[in-house]
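In: Sequence first, predicted coordinates after that:
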Amino acid sequence: LINRALHELNRVATDTSKHLYDRNRGVYDLLRYGVKVQPGVGETRVTVWLIDWKHPENNDFAIAEEVTVPAASARAYSKRPDIVLYVNGIALGVLELKRSTVSVSEGIRQNLDNQKQEFIRPFFTTIQLVMAGNSTQGVRYGVIETPEKYYLTWKEKSPIEDPLERQLVQLCNKSRLLELIHDFMVFDAGTKKICRHNQYFGIKEAQNYIS
C-alpha cells in the first residue's frame with residue numbers, strides 16, 4: 001500500500017503534461033486528503049496518509065541546506081535553494097536567504113526564476129510555502145507563482161528580537177507549518193493563495209467564539 005501511494009504521488013508530481021499550478025494542486029490534494037489505494041482486485045479502497053495532520057509530532061521533519069536540483073533544460077544550469085524543509089521526506093517549504101545588506105526582494109526574484117520552465121519548476125510541484133529572508137527585513141512568504149508584490153510579512157508578538165529568526169519560528173514551527181498548509185491555502189481559478197497574518201488570527205478568534 002505504501003509503495004502504491006508513493007507511486008501515485010510521484011505520478012501526479014511528475015505529470016509534465018500539466019501546468020505547475022495543476023500539478024501542485026494534485027499533490028496538495030494527496031497530502032491533505034490522503035492517497036486512495038486499492039489493496040487488491042475487488043477490494044475496498046483505503047486511505048494512506050502521507051502526513052499526520054492531527055499529530056504534528058508524529059511526522060519526520062528535516063532541514064537541508066543548499067540542495068542541488070538539476071535544471072529541467074539541458075541548456076540551463078542547476079539551482080541550489082538555500083534551505084529546503086521536508087516533512088516525511090517530501091519537500092514542502094523552500095527559503096532563500098540573503099545577507100543583511102541584500103534586499104529580500106533578491107531572494108523573492110530568485111524563487112520566481114527557479115520556477116521558470118527551463119530551471120527547476122518540477123521541484124516546486126510539492127512545495128507549499130515559498131520564502132525569502134534576511135536578518136534585517138525578516139521573512140517574506142508566498143506560494144508557487146506568487147508575484148513579488150504579493151509576498152507577505154507575518155506579524156505576531158514575540159520576545160525574539162531578530163526578525164528573521166522570529167518570523168521563521170512563527171511560520172515554520174511544526175504545528176503552525178502544518179496548520180497553514182492544511183487549513184489556510186486555497187486554489188482559486190488558477191491562482192494559489194495563502195492567508196495573511198490578520199486573516200489567520202481572525203479565523204482563529206472566530207473559531208474560539210463559535211466553540
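Out: Great, that's in hand. Only a predicted model underlies this, so the values are computations on that prediction, with no experimental measurement involved. Numbers count the residues shown, from 1 in each chain.
In: Please make it C-alpha for all contacts and neighbour counts, starting now.
Out: Will do.
In: what residues does whatever helix or strand His182 lives in touch?
Out: Using DSSP states H and E, the element containing His182 is helix 174-183. Applying C-alpha atoms under 8 Å, 6 or more residues apart in numbering, the external contacts of helix 174-183 come out as 32, 53, 56-57, 61, 128-129, 170-171, 194.
In: again, 10 Å this time
Out: 28-29, 31-33, 51-57, 59-61, 87, 92-93, 128-129, 168-173, 184-185, 194-195, 200 (C-alpha atoms under 10 Å, 6 or more residues apart in numbering).
In: Could I get the CA-only coordinates of that helix as CSV?
Out: This file holds the C-alpha atoms of helix 174-183, laid out as CSV (Å, rounded to 0.1, in the frame of the first residue of the first chain):
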residue,chain,number,x,y,z
LYS,A,174,5.9,22.1,13.3
SER,A,175,2.3,22.7,14.3
ARG,A,176,2.0,26.1,12.6
LEU,A,177,3.5,25.0,9.3
LEU,A,178,1.2,22.0,9.0
GLU,A,179,-1.8,24.1,10.1
LEU,A,180,-1.1,26.8,7.5
ILE,A,181,-0.8,24.1,4.7
HIS,A,182,-3.8,22.2,5.8
ASP,A,183,-6.3,25.0,6.6
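In: Which elements pack onto the helix or strand following it?
Out: Later in the chain than helix 174-183, the nearest helix or strand by DSSP H and E is strand 185-188. Contacts defined by 3 or more C-alpha pairs under 10 Å, 6 or more residues apart in numbering; DSSP states H and E place strand 185-188 against helix 20-33, strand 191-194.
In: Just give me how far strand 185-188 sits from the chain centre.
Out: 13 Å (C-alpha atoms, centre = their mean, to the nearest Å).
In: distance between the ends of stretch 80-100?
Out: Across its full length, stretch 80-100 reaches 20 Å between end residues, using C-alpha to C-alpha, to the nearest Å.
In: For the helix holding His182, give the mean pLDDT please.
Out: Mean per-residue pLDDT for helix 174-183: 98.
In: quick check: angle from that helix to helix 20-33?
Out: Here the directions of helix 174-183 and helix 20-33 differ by 120 degrees (axes from the mean of the first three to the mean of the last three C-alpha atoms, to 10 degrees).
In: Go through helix 174-183 and flag the buried ones.
Out: Residues of helix 174-183 classed as buried: 174, 177-182 (neighbour count, 16 or more other C-alpha atoms under 10 Å).
In: Stretch 141-160 now?
Out: Buried residues in stretch 141-160 (16+ other C-alpha under 10 Å): 141-146, 148, 151-152, 154.
In: try stretch 108-123
Out: Applying a neighbour-count criterion of 16+ other C-alpha under 10 Å, one finds 108, 111-115, 118-123 buried in stretch 108-123.
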